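Engineer: give me a 3D structure for the following:
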Amino acid sequence: MAEHLTEQEIHLYRSQAEDPGRRQITAAHLAVCPPCLERVLNSEHSMVAVNALTQSFFPAAGEEAFHLSPAELKSYVTGSSDTADQIVCESHLESCEQCDRELRRLSTVQPVSKIQFGRQSSTSGFLTPMRLAAAVALIGIIALGALVWWQRSSRPDGRESVNKGAPVAPANDRSGPLAVLTPQPENVSSNPAVVASLKDNSREIRLNQEGKLSGLEGFDESSQKMVKGALAGEGLPKPKDLDELSSPPIQLLGEAPSENVFQLIGPMGKVITEQRPAFSWRPLSGATNYVVGIFDTNFNLVAHSSSLSTTRWTVDVPLQRGQIYSWEVTATKDGKEFKAPVAPAPSAQFRLIEEDKLNALSKLKQQKPASHLALGLMYARFGLVSDAEAEFRKLVKDNPDSAVAKRLLRTIQSWR
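Structural biologist: Numbering: from 1, shown residues only. Purely as a prediction, here's the structure:
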């Protein structure tokens, strides 16, 4: 065969018009000639594989040429070697005089007619069996890729394919080595690798390498985007609302703390959902009654309790959503009033969640079964720390070995 395939030979090979013997010779040539292989495929989708195949013909640093074993030469002479071995032997014999002499010595019964490639490059002697096996495997991959491209471009609606000249042997063709080596499309898995997965209630949530999320079908785009980010390892940002509500303790200079001090319990430094929240505090020893006052950001009194003998009170008027409020408790003891909080304790503030955020949460909760991951992430985004922690705890329970679930739980706990 000439140094490269002629246009007629390429046309015959593409159209499956060659006889089996000639087709085998052409296929063997394609195994060692990337330029001709590229011309045969003629598809932009094969360039990466063609380049990889070309690289397989270059020797590694310090690599030496191999020699065929007597058993390999004998199998080649008798015709009992398989197609891949024939390609290896034929390619090697073209450049190795030692193996060529040994082949002629073994061929005493009848002469062996070698396939003449005509390529006498300095690198052909480095076609080791491993390298040529990789080359043959790559040919199969290229042929499979071209087959998939051809099938997709040949649509039933009669539209022309992008590249009319991309030829691929039919999957059931057995007339040449390439057809034998070509993997069948139905045996090839096209599913990208899963990079992260979690058991979530009765769901199985997965994210693959292409960024496709499964397990949350029917969830809105915003929820799916949050879950994708968490599974991909993105950090969980702390909402600014929480920083605004967490004032540092006040330092007192030269003043001893009073013994008539009591502490508030909550809500403090958090975002809440109830428009009529319950307030609680620790008792002051000897106090006879308490009064709770609630103030807006301008320090206007918006609600207050009557005189209370208990340490818990629920506001009797609804507060406005999206607003920040402060509150204090005044205790009466021995006819004197003592307030909390007082320095060095920080001020007691909370924020009432906005209506639109509450609606988003309500919509997410309607998904059945509920997703602990999606709910936890949304709670965290809105600053509802306790709710987010509860959901992430359930997630860790279902996934005790998951680094993702543990990281989310640790992060939300650090916000307290």
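
Engineer: quick one, strands of the protein?
Structural biologist: Counting by DSSP state E, residue ranges of the strands within the chain are 194-200, 203-208, 213-214, 264-266, 270-272, 278-281, 289-295, 301-304, 312-314, 324-333, 336-340, 349-352.

Engineer: dump those strands into TSV; add mean neighbour count as well.
Structural biologist: Every C-beta, even on glycine, is put in place using the N, C-alpha and C of the backbone. Converted to TSV, the strands of the chain look like this (neighbours: other Cβ atoms under 10 Å):
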stretch	mean neighbour count
strand 194-200	18
strand 203-208	18
strand 213-214	16
strand 264-266	16
strand 270-272	20
strand 278-281	18
strand 289-295	18
strand 301-304	15
strand 312-314	15
strand 324-333	20
strand 336-340	15
strand 349-352	21
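
Engineer: can you add distance to residue 78 and give those strands back as TSV?
Structural biologist: Listed next are the strands of the chain as TSV, based on distance: least, Cβ to Cβ, whole Å:
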stretch	distance to residue 78
strand 194-200	48
strand 203-208	49
strand 213-214	54
strand 264-266	89
strand 270-272	83
strand 278-281	93
strand 289-295	98
strand 301-304	100
strand 312-314	96
strand 324-333	91
strand 336-340	100
strand 349-352	87
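
Engineer: using a markdown table, lay out these together with mean pLDDT.
Structural biologist: Supplementary listing: the strands of the chain in a markdown table, determined by pLDDT from 0 to 100:
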| stretch | mean pLDDT |
| --- | --- |
| strand 194-200 | 89 |
| strand 203-208 | 91 |
| strand 213-214 | 92 |
| strand 264-266 | 93 |
| strand 270-272 | 94 |
| strand 278-281 | 97 |
| strand 289-295 | 96 |
| strand 301-304 | 95 |
| strand 312-314 | 97 |
| strand 324-333 | 95 |
| strand 336-340 | 93 |
| strand 349-352 | 95 |
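
Engineer: and residue 28, which of the ones you listed is closest to it?
Structural biologist: For the strands of the chain, proximity to residue 28 was assessed by Cβ to Cβ; strand 203-208 is nearest, at 38.9 Å.

Engineer: for the closest one, packing partners?
Structural biologist: Contacts of strand 203-208 with other secondary structure elements, assessed using 3 or more Cβ pairs under 8 Å, 6 or more residues apart in numbering; DSSP states H and E, are made with strand 194-200, strand 213-214, helix 221-231.

Engineer: can you give me the end-to-end span of stretch 298-311?
Structural biologist: As for stretch 298-311, its first-to-last residue distance stands at 26 Å under the measure Cα to Cα, to the nearest Å.

Engineer: picking up where we left off before, looking at the strands of the chain, which is closest to residue 36?
Structural biologist: Proximity of the strands of the chain to residue 36 was assessed by Cβ to Cβ; the nearest stretch is strand 203-208, lying at 36.8 Å.

Engineer: put the alpha carbons of that closest one into CSV.
Structural biologist: As requested, the backbone C-alpha atoms of strand 203-208 are provided in CSV (Å, rounded to 0.1, in the frame of the first residue of the first chain):
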residue,chain,number,x,y,z
ARG,A,203,-35.0,11.0,48.5
GLU,A,204,-31.6,10.3,47.0
ILE,A,205,-30.0,13.6,45.9
ARG,A,206,-27.1,13.5,43.5
LEU,A,207,-24.9,16.0,41.6
ASN,A,208,-22.8,14.8,38.7
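
Engineer: domains in this protein, by residue range?
Structural biologist: The record, using automatic domain parsing to delimit domains, assigns the chain the ranges 7-187, 194-239+355-413, 259-345.

Engineer: quick revisit: redo the helices and strands packed on strand 203-208 as a markdown table? Include distance to residue 345.
Structural biologist: Written out in a markdown table, the entries for those read as follows (distance: least, Cβ to Cβ, whole Å):
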| stretch | distance to residue 345 |
| --- | --- |
| strand 194-200 | 40 |
| strand 213-214 | 45 |
| helix 221-231 | 35 |
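
Engineer: could you list the low-pLDDT ranges of the protein?
Structural biologist: 1-2, 15-16, 24, 31-32, 41-66, 81-88, 91-92, 94-95, 108-190, 247-258 (pLDDT under 70).

Engineer: ends of stretch 204-213, what's the gap?
Structural biologist: Between the opening and closing residues of stretch 204-213 there is a gap of 10 Å (Cα to Cα).

Engineer: looking at the strands of the chain, which is nearest to residue 38?
Structural biologist: strand 203-208 (31.3 Å).
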